[in-house]
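J.: no letters, just coordinates:
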């Protein structure tokens, strides 16, 4: 079975600084999808960014970007210019393809220090 | 457009009882999946429904079951509750089964088993 590992249970960052959250995954597939989801204290989880494995270019969404290293099976999330509203639990997720289930990591709790 | 709605938001049960949780997906979404979220375990996939048929199933005992209705609304049931079933149960919807797109989550149902 596929596994997703987030080795940082908690992280903190100063407001306006940059932080990187780590994620590694295990798969034998060549084509798959990777996601970062954010779960604020209100609990509704929202998509932050997604990456298709066949795309070599790293995805970017405003202040959020990923470093996708396919050979290393690594998918880290970089948050630039951190804001107080970025404080949340972040989950990395993997899906091998349409119709297949999502696998989530255990999450990283991010604290933003004013 | 209304988001994913889960009811009830909070509930307390005792061991041995059963519980039914409800999920109404975003209008037009036909696929519904369920996850159990516990601290340190992240999100564990329970099952996914599309067109009233279970398409994927996670590694949970038979006490966990679900169904989907013709209007895409879904329910999950847990029978003979155990203390370890205490968790946040999240429902997520997507346009259709097999879509590589994102999941849209509800705020969850917080179940406490005493």
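T.: Perfect, I can see it now. Remember, predicted model here, so these are calculated numbers, not experimental data.
J.: apart from its neighbours in sequence, what residue is nearest the residue nearest the centre of chain B?
T.: Nearest to the mean C-alpha position of chain B, by CA atoms, centre = their mean, lies residue B:34 at 3.2 Å. In this structure, residue B:34 finds its nearest non-sequential neighbour in residue B:46, 4.1 Å apart by CB to CB, 6 or more residues apart in numbering or on different chains. (C-beta placed from N, C-alpha, C; glycine too.)
J.: next: residue A:11.
T.: Among residues not flanking residue A:11 along the chain, residue A:110 sits closest, at 5.2 Å (CB to CB, 6+ apart).
J.: count residues in the vicinity of the one you found, would you?
T.: Residues near residue A:110, counting by other CB atoms under 10 Å in any protein chain shown, number 21.
J.: please tell me how far it sits from chain B.
T.: Distance check for residue A:110 against chain B: by CB to the nearest CB, to the nearest Å, it reads 15 Å.
J.: now the strands for the chain?
T.: Since you didn't name a chain, this refers to chain A. Counting by DSSP state E, chain A has strands at residues A:3-5, A:10-14, A:19-21, A:24-26, A:33-39, A:46-52, A:60-61, A:64-69, A:74-79, A:88-95, A:102-104, A:108-113.
J.: was after chain B, sorry
T.: Using DSSP E, the strands of chain B run over residues B:5-7, B:10-13, B:19-24, B:31-38, B:42-50, B:53-57, B:64-68, B:74-78, B:87-94, B:104-105, B:109-113.
J.: how about JSON lines for those strands, with mean pLDDT added?
T.: Listed next are the strands of chain B as JSON lines, based on pLDDT from 0 to 100:
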{"stretch": "strand B:5-7", "mean pLDDT": "97"}
{"stretch": "strand B:10-13", "mean pLDDT": "96"}
{"stretch": "strand B:19-24", "mean pLDDT": "98"}
{"stretch": "strand B:31-38", "mean pLDDT": "95"}
{"stretch": "strand B:42-50", "mean pLDDT": "93"}
{"stretch": "strand B:53-57", "mean pLDDT": "91"}
{"stretch": "strand B:64-68", "mean pLDDT": "97"}
{"stretch": "strand B:74-78", "mean pLDDT": "98"}
{"stretch": "strand B:87-94", "mean pLDDT": "95"}
{"stretch": "strand B:104-105", "mean pLDDT": "94"}
{"stretch": "strand B:109-113", "mean pLDDT": "97"}
